[in-house]
Structures are given as structure tokens and as C-alpha cells.
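[1] next come a sequence and a model predicted from it.
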Amino acid sequence: MSAPVLETENLVKVYGRGESRFDALKGLTFEIHQGESVAIVGKSGSGKSTLMHLLALLDAPTAGVVALEGQPVNKLKPKQVSKLRNETFGFVFQQFFLNPNQTVLENVTLPLKIAGVGTAERNRRGMAALEQLEMADKAKNKATNLSGGQKQRVCIARALINNPSVLFADEPTGNLDTNTGEIVEDILFGLHRDHGITLVVVTHDEDLAAKCQRRLIMQDGLIVREETGSSLPAEASHQEDAQ
Ligand SMILES: Nc1ncnc2c1ncn2[C@@H]1O[C@H](COP(=O)(O)OP(=O)(O)OP(=O)(O)O)[C@@H](O)[C@H]1O
């Protein structure tokens, strides 16, 4: 079995206090292995997004530990955590989060700008990422002047710009029609299959979840069940490699 890229130990998240206290995660211990595709599924309010935010180091747990590549993250300073997050993770969200006032290329290269990479290098890597997503011809377009599927491709290009080892996708097809959603799924699973990217997907979409190699089923802040096996035929051999 490949090494765990992410491990949690007794992960707890409590929102609010006193009468408004809400126990969103109630002690989760599990591993995600390098090169796996994992879906986090469950009813609305079960804690999926909360869990993803903790795994992706976007929020800190109330108690318990997240370890990235064997390193417990709670021992690091905030600056180190954000560096680690930017270097290791890519994010694709349902709402796209593209800056409407910037071009496609500017949106895609924003993570590099934040990291202090110079303009020429930024643009070279941005164009390469857009080419990979077949969106290079839209590089100079404003990000608003795109279809939903095109916007999500731009988001995936942005997510790939730092060569992440883990791609987090929160309802990546939630705003797309069925056909466009399937194209985006093909892109995500292609990246997983061909580049060994670890894919962590939060979704209500059963077909999308079924394509993942493993499903963590959440209920009331707990993982109540795990399922394994992907509905993607080509996954079979890769799945054996990753396990
Ligand atoms: N910032 C917050 N303050 C208080 N409660 C919160 C906060 N964020 C989430 N919650 C609560 O924690 C629970 C889990 O929320 P979370 O967003 O993780 O669920 P989810 O499974 O992702 O739901 P959905 O499928 O609707 O997105 C919910 O009951 C929610 O109301």
C-alpha cells in the first residue's frame, strides 16, 4: 500500500460555544493514501465540508491531529502551514471563485503571483496549464465571459499550477449540466489516473462518488461506513497499484 499523504487522529471540530455549541466532527481517525481517489459523501450537514477544510489545512481542528506526509500540522507555525498548503494542494470549488475583473491567465497564475514568481515564468506556466485543459485560446478573455464548464476548466488549471500532489474538489460539478459535468469529471479522473494526483472529492453526486476508489460515508459528524471500488473500468489496475 502507498504511504498515507493525509492522516487524521481523533479529529474534532466544534463550532460556537454554550447554547450555540455544535459538534460538527466527533473524532475521526483515517488515512488517505498517495494516489488514491476518495469521495466524502453524506447528507447535508453531516460534516463533509468541515472535514475537507480541516484536511486541506484551511481551518484548524478543535482537537485531534491532521498529519501531512507524516508531519503533524498542529506543530507548525501558521506561515509554514500556508506554505505547505500552497505547495501541496490544489482546490476546485462548485462556485469557481474566479476574479471577474481579471483575465483567465491572471486568474490561473494568481497562486504563483502570491508565491512571488516573476511575470514571465508565471505566464509560461499559466499557458502550459491552460493548454493542458484546452483553454489556451481563452487566456486573454475576462473570466466572466466563459461558460460554466470553461470556468471550471480554468479553476482546474489554476489548481494545477503548483503541481499539487492532492486535489481537493468540493462539488466540482454542482453548477454544471450533466454533459459538462461529465467532461469535468473526465478531466479530474484523467489527472488522477495519468499523473497520480490524489483526489479528494466532496459530493452529493452518487455517480461521481462511485467513480472514486473509496467512499467515506458521513453521518452526524462521524464516518459511519467506508466503501471501496471504482465504477471506472480503467481504474482497476491503477487501484491495485495505489492500494
Ligand atoms: N462556521 C460555522 N458555525 C457554526 N456551525 C457551522 C459552521 N460551519 C458549519 N456549521 C455546521 O456544521 C455542520 C456541518 O456543516 P458542513 O458544512 O460541514 O456540512 P456538509 O455535510 O458539508 O453539508 P452540505 O452538504 O449542505 O454542504 C452543519 O450543521 C452546519 O450548520
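    Perfect, thanks for sending it. This is a predicted model, so every value here is computed, not measured. Numbering: from 1, shown residues only.

[2] get me the contact residues on this structure for the ligand.
    Within the chain, the positions adjacent to the ligand are 15, 16, 22, 24, 42, 44, 45, 46, 47, 48, 49, 50 by C-beta under 6 Å from any ligand atom. Using the backbone N, CA and C atoms, a C-beta is placed for each residue, glycine as well.

[3] for ChimeraX, what selects the buried ones among these?
    Entered in ChimeraX, the line below selects the buried ones among the residues of the chain next to the ligand, by 16 or more other C-beta atoms under 10 Å:
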select :24,42,46,47,48,49,50
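
[4] and the furthest pair within the residues of the chain next to the ligand?
    16 and 42 (21.0 Å; C-beta to C-beta).

[5] now name the helix or strand holding the residue nearest to the spatial centre of the chain.
    By C-alpha atoms, centre = their mean, the chain has its centre lying nearest to residue 168, at 0.5 Å. Using DSSP states H and E, the element containing residue 168 is strand 166-170.

[6] residue 124 now?
    Using DSSP H and E, residue 124 falls in helix 119-132.

[7] cool, and residue 101?
    Counting by DSSP H and E, there is no helix or strand that carries residue 101.

[8] that one contacts residue 142, correct?
    Yes. Using C-beta atoms under 8 Å, residue 101 is in contact with residue 142, at 7.4 Å.

[9] quick one: which of the two has more around it?
    Neighbours per residue, other C-beta atoms under 10 Å: of residue 101 and residue 142, the larger number sits with residue 142, 16 against 10.

[10] quick check: chain neighbours aside, which residue is closest to the more buried one?
    residue 103 (6.2 Å; C-beta to C-beta, 6 or more residues apart in numbering).

[11] what residues does the one you found make contact with?
    Neighbouring residues of residue 103 by C-beta atoms under 8 Å, 6 or more residues apart in numbering: 139, 140, 141, 142, 143.

[12] separation between it and the ligand?
    As judged by C-beta to the nearest ligand atom, to the nearest Å, residue 103 and the ligand stand 31 Å apart.

[13] this structure: strands as residue ranges?
    4-15, 22-33, 37-42, 63-68, 71-72, 89-93, 166-170, 198-202, 214-219, 222-228 (DSSP state E).

[14] so how far is the biggest helix by length in the chain off the chain centroid?
    For the chain, the longest helix by residue count, based on DSSP state H, is helix 178-195. Distance of helix 178-195 from the chain centroid (C-alpha atoms, centre = their mean, to the nearest Å) equals 13 Å.
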